[in-house]
Structure formats: structure tokens, C-alpha cells
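A.B. asks: Sequence first, predicted coordinates after that:
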Amino acid sequence: MKLRYYVIIRTLLIVPTVIILLSTVFFMMHIIPGDPVRVLYGEELPDEYIEEIRHELGLDRPMYVQYLDYMGKFFRGNLGISFRYKVPVWRKILDVYPVTVELTIGALLLSTLMGIPLGIFAALKRDTFFDHAIRGLTLYLYSNPGFWIALLLQLFFGLFLGIFPISGRTPIAVRIERITGLLILDGLLAGDIRAALEAMRYLFLPSLSIALSSIPMLSRITRASLIDVMGEDYIKTARATGVPERKVVYQHALRNALLPVITSVGFSFAWMLGGSTITEAIFGLPGLGSLLITSLTGRDFNLIQGIVGVYAIVVVMLNTVVDILYAMVDPRVKF
Amino acid sequence: MGIKQRLNESKFAKLYKIAPKSAKAMFILGASLDTVLIIFVLFGSYLTPYDALAFSDDLLQPPSSKHLMGTDLLGRDLLSRLIVGSKYSLGVALIAVGVSITIGLFLGSISGFFGGPVDRILMLIMDSLYVFPGFIFVLIMAVVLGPGIWQTALAVSFGRIPSNFRMIRSITLSVKERGFIEAERILGASNMHIILKHIAPSYLSILFVTISLGLARGTLAISGLGFLGLGIPPPTPEWGTELAMGRQYLLSGAWWGVVFPGFFVLIAMLGFNLLSEGLDAILNPTIRRLK
């Protein structure tokens, strides 16, 4: 199959994948016994009012009508109105998404900066004490519950040492004009370096707590892939022609070894989105994750579906882009 | 050792002998941690120094010789609560793993064995669910089902189905293509016979690895739900629920309420991860070189 067809098919597959994810969530929530109207307005409200509100929200229609209506509107960009906040869902999502974007980018940066070098080091020192030590360390990190790490970081750096703030995005005194919503970027755009640095300081602990749990995967894939590549013939050729070992590793081997690592970024990203829900709640960050949790407990159907829809589109698109890039870069990939 | 004795050795014992030292070490360490935890699950309430639910006058005491892990705001002994809590955090994870593996086995073997449109539809659905962060599904499911032990187990099992399905399907596919299956077919063996006699045994080698890995992930998800107040509700001393309670008085300096519940989760996950990794290295000696 030609690359062009592969790209087209993968891109088209985004649609059914997103539909399946949205449908799963839709049916999961509509099969539940709990009534969102009761949750929102309390148990005391008389039945006739409840019925009226249900009618207004369209919840009294047959499920398949609600489903088709929802899906139709979703793909036309209409995510409905939040039951709780009474504003369009997309507006609520636009309000908070920069927080999550900042958090996951921070986490992704920290985890690649630590995970890949660890993996390279382990591969080069294969089967020595260092390799085993790194293996033990990654297994340990992998076994740490993320929310516990977050609390321990708060306890140690925030309460005990007092060098990092444990909650929020900026100090109250610092105000950053919203341009993109990404505080660090906005601070820089406004020329206010100090504010940007402050925002970075606030972002550090939450990002780190997410990063720590995805370092193990990155470092292991890097290690396995580099060991694999170092056994290839072209590495032997390079060595035989007298290329210095440093150059062999960093120029010849690493370039190819990092390919599978890049594909795992898509997977890491999904993992981080999952982790960001609890992390945002712990660090008091008003992002998509904490919005999801409050909308879940408040049974805000439209908002839940909207957030899941956004997550689904982002994750599926990212995976598709990564797969396509991989296929373009690596001519051995069979479609 | 005589040849006869050697023939009688189980397959596992043979593989264990040729396994590298690191794999054996991980296996033994993981197995011993898990044994302790399983003892806690089965006999927890007989082993505790105090009644896990009993109040006392020692409110919010730091760890001491009297209360090794301190007490909570109601004067309950934290160590006792966490030992009893194993039954909930791990016991529920066990149920969740059982459910998800049963469903994964059923769907995965059907999909892999019969192929065709059923396989394609199942694959599309499972692949879609697989790319999505599993914990978010678990969260939604937990809210949908409400708090409680069985509800939590079901919610957590749901998050594990896609990866179990993929694993079982790929094994089924690889066994199905082998020559001896073809030979069995020519001899007139039924599908049922082939599945039970030839394909099912091949699941065994990964089943224990999958169970162990599932227990690690399950424990994490259960305590995560408990932490968010969406899992097993108090006063049941589930680890995540305890952690959430401990967090409330973290600012007043009571670090033990956060440190010890998380430590139990860590030990459980470490135990299961070590076990699954060690088992994997022992049972699959051929792929060892690559790792």
C-alpha cells in the first residue's frame, strides 16, 4: 500500500474512533439510575418541576433520539449547554483547557528530559550495576501511586522546605493578562519575565508529579530500542571504519533508536491526561481534569461528554499523527 | 540429577533454572511481598494490634511505640486500619481482575479464532477504547454505578478489558496459525476441541503475568477512586479513602495520615509489578535477549 493511502485511511479512522468513544460514554451515563436533575436541584423539589426541567433539558425524550441529536450536534460543533453552569460547554472548556495543556506539556518535557537520558545510560551500561540500579529505580517509580507522589512532593517541597507553592497557578499579587491562557507564554508575551517565572514555579510540582510516573516507560523503551539498534550491522560498519564510539552512539545509533520512543509519546500523553485529573484536583488547578471530576459528581451530562469528546479527539489525533510520522520516517514499516 | 527426575520436573521449574539472576530476584521479592499482602487480605482482622473501627482518646497521635503508624482524627489506630484495608483495596482488585480477564478471554478468543467481521468490529471498538486514558473511563463508570465495593470492582474491571482483549486475541492468532492446528483440522477436530485443547493452554503462560499486572493497576485505580471520594466510602478503611482523610489534616502537620496509606499502595504495586516482571522474564526466555 502506498503511503498516501495509509495517511488517508488513518485520518478517516479518526471519525469512527471518536464516535465509538463518545457513544460508550453516552450510553454509560444514560443507563445509570441517577437523575441529573435531582442531583442539581435537590431531593425536595416537587415532581412537576422536575418533569418540567427534564423536558426543558430534553431528558424526557427516548434515549435513541437524545443520542442521535447529541451526535449530530457534536459533529457540527455544538456541545450543548452545561446543566450546572448554564453556559455553552465549549466556552467552559475553552476557559480551562490552557491549564491542562500547560500541565501536560510541562510533564512531557520533564519526563523526556529525565527518561531518555536514563534509558541511554542504562543501555550503554547494559548488565552492569548501573543498569540494574536504573531498572530498580524505574520499577519503583512505576509502582508509586501518582496522587501519593503529588502529596509527598507537596509535603516535602511545599510544607517542609517551603520552596515551591502547593496550590494554584500564580501568587495573588501577580496578574497576567490572558492572551493564550497559557500563563508562562502570556507572561513572556507581555514582557513580564518575573510573572512567567512565578507561573513556572507554580507549575513545577504538578508537572513533576505526573512526569515521575511516565519516566519508567520512556526510559525502558529507550533502553530496549538502543540495545536493539547497537546490534545492527551498520553500527558494526561504523565502528570498523573507525568512527569514534561517542559518534557511533549519538549520531548513528540514537537517531534510529529514538523512533519507537517517539511513538510512545502518544501513549504517554493519554496516560498523562488520565493522571492529570487527580493531580489537578490535588494542586487546585482549574483545568479540564478537575472540571471533569466536578461535572461527574454533579452529573452534568453535557459537560462530561464535551470533555470526554475533547480528550478523545486530542488523543486519537495525536496517535494518528505519530503513527503517520513514523510510517514516513521508517521505510520498513508495513501498513 | 537423573533423567527420570528431570522429566518429572514441571515446566516452570525448568524455566526457572535457566532464568537469569535478576528475574529470579524479582520473582522471589515480588512473591514474598504478595504473600504478606494476601495474608493481610485473608486474616487481616486477626492480626491487627487494635480494632480497626474502634475509637479511642488518642486523637491524631504521631507514630509511637503504642501506635506504630499513629492515629487518625477519631483516635483509630492507623496500622490496624491499613492492614484491614488490604481486604478492600486488594480484595476488590482481585474481583476486578477476575471480571476483566473473563470478559477479555471470552471476547479475545472469539475475535482471534473466528476472525471475519466480528473480529473487525470488536477490534475497532477495543482499539478505540485502548487509546483513551483508561482511568477516565473508570472514573465515569464509578460515578455511574455509585460508591460501594461491587460497584468499584466493576468500574475498575471495565478499564482493564481492552488491554486484556488485545493480549488474548494476539495469542490466539499466533497459535491458530501454527502447523499442528492445521493438522488437527484435517483430522476433523472441532473448533471447541482446538480451542480447549490447544489454544487455552497457551494462555496460561501469560495469565499469571496478566493477573499480576492487573492487580497492580487495579489497586492503583481503586485507591485513586477512594482518594477522590468516588470509590469505597468511609468508614471502610480502604487505602485511598484513608489517604483522602489523612490529607485533610496534612496542613496541621500530621504527615503520617498521608505517608502510610500511600506506602501500603506502593508496597502492593511494587509486589505485583515485581512478580509480573519476574514471571515474564522466566516464562518467556526467548524474548529475554531484547529486553
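C.D. replies: Thanks, I have the structure now. Given the structure is predicted, the values throughout are model-derived calculations rather than measurements. Residues are numbered from 1 along each chain as shown, chains lettered A, B, ... in the order given.
A.B. asks: for A:Ile166, phi and psi?
C.D. replies: phi -110, psi 0 (degrees, to the nearest 10).
A.B. asks: Against chain B, how distant is it?
C.D. replies: Using CB to the nearest CB, to the nearest Å, A:Ile166 is found at 9 Å from chain B. The C-beta positions use only the backbone N, C-alpha and C, and glycine is treated the same way.
A.B. asks: try A:Glu52
C.D. replies: 25 Å.
A.B. asks: Give me the most central residue, the chain.
C.D. replies: Reading this off chain A. Centroid-nearest residue in chain A, with CA atoms, centre = their mean: A:Leu273, separated by 2.9 Å.
A.B. asks: meant chain B, my bad for not saying
C.D. replies: By CA atoms, centre = their mean, chain B has its centre lying nearest to B:Leu215, at 0.7 Å.
A.B. asks: interface residues of the stretch 201-335 of chain A facing chain B?
C.D. replies: A:224, A:227-228, A:266-267, A:270-271, A:273-275, A:277-278, A:281, A:292-293, A:296-297, A:299, A:304, A:308, A:311-312, A:315-316, A:319 (CB under 8 Å from any CB of the partner chain).
A.B. asks: and those, which are buried?
C.D. replies: Buried subset of these (neighbour count, 16 or more other CB atoms under 10 Å in any protein chain shown): A:224, A:227-228, A:266-267, A:270-271, A:273-275, A:277-278, A:281, A:292-293, A:296, A:299, A:304, A:308, A:311-312, A:315-316, A:319.
A.B. asks: Identify the residues contacting stretch A:254-261?
C.D. replies: A:116, A:119-120, A:123, A:218, A:221-222, A:225-226, A:228-230, A:232, A:326, A:329-330 (CB atoms under 8 Å, 6 or more residues apart in numbering or on different chains).
A.B. asks: Tell me the buried residues in it?
C.D. replies: A:Leu254, A:Asn256, A:Ala257, A:Leu258, A:Pro260, A:Val261.
A.B. asks: Taking these together, which two end up most distant?
C.D. replies: Comparing every pair within the buried residues of stretch A:254-261 by CB to CB identifies A:Leu254 and A:Pro260 as the most remote, at 12.2 Å.
A.B. asks: Can you tell me the element the residue of the stretch 151-300 of chain A found nearest chain B falls in?
C.D. replies: As assessed by CB to the nearest CB, chain B sits closest to A:Gly274 within the stretch 151-300 of chain A, at 3.2 Å. A:Gly274 is part of helix A:254-282, with elements assigned from DSSP states H and E.
A.B. asks: Could you do B:Leu215 as well?
C.D. replies: Applying DSSP H and E, one finds B:Leu215 within helix B:200-227.
A.B. asks: what's the next secondary structure element after that helix?
C.D. replies: With secondary structure assigned by DSSP H and E, helix B:200-227 is succeeded by helix B:239-248.
A.B. asks: could you point out which element follows that following helix?
C.D. replies: Next helix or strand after helix B:239-248 toward the C-terminus (DSSP H and E): helix B:256-283.
A.B. asks: A:Val265: what's its closest spatial neighbour, skipping adjacent residues?
C.D. replies: Spatially, and ignoring its direct neighbours in sequence, A:Val265 is nearest to A:Val322 (6.5 Å; CB to CB, 6 or more residues apart in numbering or on different chains).
A.B. asks: can you give me the helices in chain A?
C.D. replies: A:3-31, A:36-41, A:47-57, A:63-74, A:89-124, A:129-143, A:146-153, A:183-189, A:193-230, A:233-240, A:245-247, A:254-282, A:288-297, A:301-329 (DSSP state H).
A.B. asks: These: which one's closest to B:Phe43?
C.D. replies: Across those, closest to B:Phe43 is helix A:129-143 (CB to CB), at 24.4 Å.
A.B. asks: Would you enumerate the residues in contact with the residue nearest to A:Val265?
C.D. replies: Counting by CB under 8 Å, 6+ apart, A:Val322 has contacts A:Ile262, A:Thr263, A:Val265, A:Gly266.
A.B. asks: Buried subset of those residues as a PyMOL selection?
C.D. replies: In PyMOL, this line selects whichever of the contacts of A:Val322 come out buried by 16+ other CB under 10 Å:
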select buried, chain A and resi 263+265+266
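A.B. asks: Spit out the contact partners of the residue in the stretch 51-200 of chain B that chain A sits nearest to.
C.D. replies: Residue nearest to chain A within the stretch 51-200 of chain B: B:Pro133 (3.2 Å; CB to the nearest CB). Neighbour list for B:Pro133: A:Ala270, A:Trp271, A:Leu273, A:Gly274, A:Tyr311, A:Val315 [criterion: CB under 8 Å, 6+ apart].
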